[in-house]
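> what would the 3D arrangement of this be:
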Amino acid sequence: MKLMIPDEILLKVEKPARYIGNEINMIQKNLEKVDIRFAFCFPDVYEIGMSHLGLQILYNFINNREDTFCERVFSPWHDLESEMRANNIPLFSLETQQPVKNFDILGFTLQYEMSYTNVLNVLDLSDIPIYSKDRTEVDPIVCAGGPCAYNPEVLAEFIDFFYIGEGEVKYNEILDIYKQNKVNGGSRNDFLIELLEVEGIYVPKFYDVTYKEDGVIESFEPNHPRAKKTITKVIVDDFSDVYYPTKPLVPLIQPVHERAVLELFRGCIRGCRFCQAGMVYRPVREKSSEKLINQAKEVLNNTGFDEISLISLSTSDYKELDKVVDYINTNHKGVNISLPSLRIDDFSLELMNSVSSGKKSSLTFAPEAGSQRLRDVINKGISETEILNGASLAFNGGWNRVKLYFMLGLPTETYEDVEGIQTLAYQILDKYFGVEKEKRAKNINITVSTSFFVPKAFTPFQWEPQNSYEEFMEKQKHLSSIMNKRQIKYNCHDAKLSSLEGGLARGDRRICKVIYKAWEKGCKFDGWSEFFDYKKWMSAFDECEVDIKFYNNRRRNYEEILPWDHISTGVSKAFLIKEHKRALEEEVTVNCRKGCASCGANLFGEGVCYEKKN
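Have a look, this model is predicted:
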């Protein structure tokens, strides 16, 4: 296979292995025997994309079809992009090193808002018209999915169709429709019309939006008779039997997360009111421990990784976690087990002890808010007593490094809540000194980190205003001024990125022109601090005559048509309103296993909603 990038250029750039393919378990196919070529793009650098489980799943899932070849595409780093533009080299896939423009379908995974300018940059580097309306029959169909697709409007003018839900459910049907349309000599428009019949598919061109004088949406209506009024997400109905790659790609260079991965379940029972993932991935569906044990064996044998991560939104909520951990500990000596998203309690700490091999790594607590009042507002579901008891258990167990994560700017937050972050950190430090000196580990190290709250679609806080940049920074400055014990390190950052993310997260179609203007100004890799340019973004908003404060700092009312109201995650708007009102009353809602709150996700007929019935 001839590389698209000549050796003389590869030798100039950082990490040339990002661009050559040929990794362990990479799939190759005879192009003469496939009918559909699918380019799967993670619009960020190779090391980020290759750490993403969704890429591994869909890459292998689509390649299970004999008639389809799924190849990978990533955003080239700045050094290579400069060389590509200077030498007229188009963006290419890793598997065959052929131009993306030659593919039938280009699919983006949208994992975070700050990748949006990279999406445009990938299209431009591929010589594909950026606006959907400008594409012709020689251009690939451009689609997108992932968590950010739940508010598709901010990219609606660039994407031909959005996939709403879990990729394993409908891609075979989509590819079958594409193949038949191709056989019939149909146009790209014919294909998009056929997709209107597929559940979970949103084709923006077949919907019109109008606005009132004050800027809010006046109407959002289908303009094609086959277009659905509401697009409902699709979910895997039998999670134990869903396809899972046991021969995942092994990168040639170290990715952000270099380890095997087991997905325990999808969804979350906890109902934190700030968490979009906890709402849109409902209901919880678990994989059987027997299936996980078999997958662990195969993945480790096929990759050679010496670490395996057991992932989910709340790992300790998996009912048979101890059984899976015991199997790996017993049968795969020398393999480290990573357990993210644990709650700090007796069970979790016992598990941590069982996988720590004598060496104590740092423990992570995520109280999110400093006061119990505010934790009740956000429905965090953990009390101060539980937090402090967990810290005490950890220190008695020999841990001496603790990371604490909080958010500033949560709804109803006061300066008393902000100061509660310092108070809680100091109380945790006191728990360490409460352990007998000869029993506790030496050199306690507590790290407090704060991020800034960004209201997201499909959460009970989707109607809430975001703090202004000035409010964020004043709160951060105040907390920094009172956090002055030498054993506690305070990590914080500038709020500009979070303020922009707020505008993109709840934007409508008018944001499309802002993203395009920002890209024209050179914005890309916006999630990377060294490349993020806030001034260029604000200039783009100004030049497009779009007020970011309209999206960030304005309280919405319940009657307003929201840009994502035509999408259904199963969780009803009535439930979100009820949860928002409960938040303002500081009332806690129990988790899904303790009691059903009638969120609406039972319409799927699966998961935790039906555990007791089964």
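> going forward, measure contacts and count neighbours with C-alpha atoms only.
Noted.
> contacts only, for the nearest residue to Asn553 once chain neighbours are set aside.
Closest residue in space to Asn553, ignoring its immediate chain neighbours: Pro465 at 4.5 Å, by CA to CA, 6 or more residues apart in numbering. Counting by CA atoms under 8 Å, 6 or more residues apart in numbering, Pro465 makes contact with Pro455, Asn552, Asn553, Arg554, Arg555, Arg556.
> including secondary structure and neighbour count, could the residues you listed go into CSV?
Formatted as CSV, the contacts of Pro465 follow (DSSP: H, G, I helix; E, B strand; the rest coil; neighbours: other CA atoms under 10 Å):
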residue, secondary structure, neighbour count
Pro455, coil, 28
Asn552, helix, 25
Asn553, coil, 17
Arg554, coil, 14
Arg555, coil, 14
Arg556, coil, 16
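> tell me where the model's unsure across this structure.
Applying pLDDT under 70 to the chain picks out residues 346-347, 356-361, 612-614.
> hmm, 50 instead?
Applying pLDDT under 50 to the chain picks out residues 614.
> okay, now the domains of it?
Per automatic domain parsing, the structural domains of the chain span 7-232, 360-454+465-510+546-554.
> those domains into CSV, with extra columns for distance to Cys592?
Formatted as CSV, those follow (distance: least, CA to CA, whole Å):
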stretch, distance to Cys592
domain 7-232, 21
domain 360-454+465-510+546-554, 12
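> which among these is found nearest to Phe305?
Counting by CA to CA, Phe305 lies closest to domain 7-232 out of those; the figure is 11.9 Å.
> dump stretch 321-332 to PDB, keeping only the CA atoms.
What follows is stretch 321-332, C-alpha atoms only, in PDB (Å, rounded to 0.1, in the frame of the first residue of the first chain):
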ATOM      1  CA  LEU A 321     -19.100  -5.900  39.200                       C
ATOM      2  CA  ASP A 322     -17.300  -8.000  41.900                       C
ATOM      3  CA  LYS A 323     -17.800 -11.200  39.800                       C
ATOM      4  CA  VAL A 324     -16.100  -9.600  36.700                       C
ATOM      5  CA  VAL A 325     -13.200  -8.200  38.800                       C
ATOM      6  CA  ASP A 326     -12.600 -11.500  40.500                       C
ATOM      7  CA  TYR A 327     -12.400 -13.300  37.200                       C
ATOM      8  CA  ILE A 328      -9.800 -10.900  35.800                       C
ATOM      9  CA  ASN A 329      -7.800 -10.900  39.000                       C
ATOM     10  CA  THR A 330      -7.700 -14.700  39.100                       C
ATOM     11  CA  ASN A 331      -7.200 -15.500  35.400                       C
ATOM     12  CA  HIS A 332      -5.200 -12.600  34.000                       C
END
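> report the buried residues of it.
The neighbour-count check on stretch 321-332 (16 or more other CA atoms under 10 Å) flags Leu321, Asp322, Val324, Val325, Ile328, Asn329 as buried.
> hmm, Asp417 and Leu475 touching each other?
Actually, residue 475 is Lys. It isn't Leu. No - using CA atoms under 8 Å, Lys475 makes no contact with Asp417, being 10.2 Å away.
> those two: who's more crowded?
Asp417 (21 against 17; other CA atoms under 10 Å).
> pull out the buried residues from the one helix or strand the more buried one maps to.
Here Asp417, judged by DSSP states H and E, is contained in helix 415-433. Buried residues in helix 415-433, counted by 16+ other CA under 10 Å: 417-429, 431-432.
> thinking again about what came up before, over to the residue nearest to Asn553: give its phi and psi.
In terms of degrees, to the nearest 10, the main-chain angles of Pro465 are phi -70, psi 150.
> possible to save the contacts of Pro465 as a markdown table with distance to Ile141?
As requested, these are exported to a markdown table (distance: CA to CA, whole Å):
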| residue | distance to Ile141 |
| --- | --- |
| Pro455 | 32 |
| Asn552 | 32 |
| Asn553 | 36 |
| Arg554 | 36 |
| Arg555 | 37 |
| Arg556 | 35 |
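> and the gap between the residue nearest the centre of the chain and Pro147?
Nearest residue to the geometric centre of the chain (CA atoms, centre = their mean): Gln111, 4.2 Å. Separation of Gln111 from Pro147 (CA to CA, to the nearest Å): 6 Å.
> next one: Ile174
Relative to Pro147, and taking CA to CA, Ile174 is found at 19 Å.
> equivalent analysis for Asn389, please.
Counting by CA to CA, the gap from Asn389 to Pro147 is 35 Å.
> also Glu157?
18 Å.
> other residues contacting the host helix or strand of Asp124?
Asp124 belongs to helix 116-125 when assigned by DSSP H and E. By CA under 8 Å, 6+ apart, the list of residues contacting helix 116-125 from outside reads 43-44, 75, 85, 90-91, 108, 110, 129-130, 155, 158, 515-516, 518-519, 523-526.
> now the buried members of the residues you listed.
Buried, going by 16+ other CA under 10 Å: 43-44, 75, 90-91, 108, 110, 129-130, 155, 158, 515-516, 518-519, 523-526, out of the contacts of helix 116-125.
> narrow those residues to those in helices?
Among these, DSSP state H puts Ile515, Tyr516, Ala518, Trp519 in helices.
> need those residues in a markdown table with distance to His580, can you?
Converted to a markdown table, those look like this (distance: CA to CA, whole Å):
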| residue | distance to His580 |
| --- | --- |
| Ile515 | 30 |
| Tyr516 | 34 |
| Ala518 | 34 |
| Trp519 | 36 |
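> my read: Leu110 touches Tyr150, true?
No - in this structure, Leu110 is not within contact of Tyr150 by CA under 8 Å, at 9.7 Å.
> joint contacts of these two?
What both Leu110 and Tyr150 touch, as defined by CA under 8 Å, 6+ apart, is an empty set.
> helices along the stretch 401-550 of the chain, start to end?
Per DSSP state H, counting those that start in this stretch, the stretch 401-550 of the chain carries helices over the ranges 415-433, 469-482, 496-505, 511-520, 534-543, 548-552.
> for Glu32, find the nearest of those.
Among those, helix 511-520 sits nearest to Glu32 (CA to CA), with 37.1 Å.
> rewinding a little: of Ile174 and Pro147, which one has the most company?
When neighbours are counted by other CA under 10 Å, Pro147 comes out ahead of the other of Ile174 and Pro147, with 19 against 16.
> what sits closest to Ile337 if chain neighbours are left out?
Ile308 (5.1 Å).
> how about Phe206?
Nearest to Phe206 is Asn223, by CA to CA, 6+ apart, at 5.2 Å.
> surely that neighbour is in contact with Tyr207?
Yes - with contact defined as CA under 8 Å, Asn223 reaches Tyr207; the gap is 5.2 Å.
> neighbours of Leu211, just the number please.
Not Leu; residue 211 is Tyr. 12.
> so Ala144 is in which element?
Going by DSSP H and E, Ala144 is in strand 141-145.
> does anything pack onto that strand? Which helices or strands?
With contacts defined as 3 or more CA pairs under 8 Å, 6 or more residues apart in numbering; DSSP states H and E, the packing partners of strand 141-145 are strand 105-109, strand 161-163.
> looking at the ones in helices among the buried ones among the contacts of helix 116-125, which is nearest Pro340?
Closest approach between these and Pro340, by CA to CA: Ile515, at 33.7 Å.
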